[in-house]
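1. Let's see this in three dimensions:
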Amino acid sequence: AGLGVVLVPTLVYGVNHHQIGDIIDYAIKHMPAVRGVHFQPVSLFGRYPKNLTDRPLTLPFLMREIEKQTGGLIRQEYFAGGGAESAYCSLLASVVIMENGTVVSAEKEKGNCCDATIEKSRKYVAKQWSASEENQGKEDDDSEAFASLDAFLKRSSTHKLMISAMFFQDVYSLDLNRLRQCKVGVASGEKIIPFCAYNLTALNGKALYRNSGAAK
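-> This is a model prediction of the structure:
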């Protein structure tokens, strides 16, 4: 159908965190239809089993498990922060899967993190997640000096995989420094509430900020 597919698995420690490598392997085997894997560690909002609070997932843990469970195919050093928020909020890696099964890191756009915007990040992700387009052009220069580069560029147009994760905060992981750096706000009455804070619920499941500015 010409549609790019992104897998968005929710991760829960003790339930499916041991399947991280299997999920990435599944994505690679179904390229180029699959364009990315966006891991979503569980966020505890509303009602939930209390045993889920025993071992929350973290960014360092996820990166270590990705490298371990892929047998070193996807390395920790391939990842960087999202750029438009705190470095503790998200991670992202863009890799090219070559025909022989090797992985080449496709470096993320460089720039001043302080100048990053939500719009810029949105456009970058949209470009990475969109369906691939086969390169129909042919280079005139067939010299060996350009052969490997041409092969990489052609392969990257169809077999570039984005691996990312977003760690939304909940009542157990609330970090005021992260909230201060949040560039995704939700309008609530006359207030702009950081996205993570907007979804917070108390221990009894009651929403703390959602609809707090609604007219009474």
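2. Walking through the protein, point out its helices one by one.
-> Per DSSP state H, the chain carries helices over the ranges 20-29, 59-69, 118-129, 144-156, 176-181, 195-198.
3. If I average pLDDT within each of these, which one is lowest?
-> Set side by side, the helices of the chain differ in mean pLDDT, and helix 118-129 is lowest with a mean of 60.
4. Could you report the distance from the closest residue to Val95 other than its chain neighbours to Thr10?
-> Closest residue in space to Val95, ignoring its immediate chain neighbours: Val103 at 5.0 Å, by Cβ to Cβ, 6 or more residues apart in numbering. C-beta here means a position set from N, CA and C on the backbone, and glycine is covered the same way. Distance, Val103 to Thr10, using Cβ to Cβ, to the nearest Å: 25 Å.
5. again with Ser173
-> Here the distance between Ser173 and Thr10 works out to 15 Å (Cβ to Cβ).
6. More neighbours: which of those two?
-> Taking neighbours as other Cβ atoms under 10 Å, Ser173 and Thr10 compare with Ser173 leading, 18 against 11.
7. give me phi/psi at the residue lying closest to that one once chain neighbours are set aside?
-> Taking Cβ to Cβ, 6+ apart, and ignoring the residues beside it in sequence, Ser173 has Pro56 as its nearest neighbour in space, at 6.0 Å. Dihedral angles phi and psi of Pro56 (degrees, to the nearest 10) take the values phi -70, psi 150.
8. For Pro56, grab the count of nearby residues.
-> Pro56 has 17 nearby residues by other Cβ under 10 Å.
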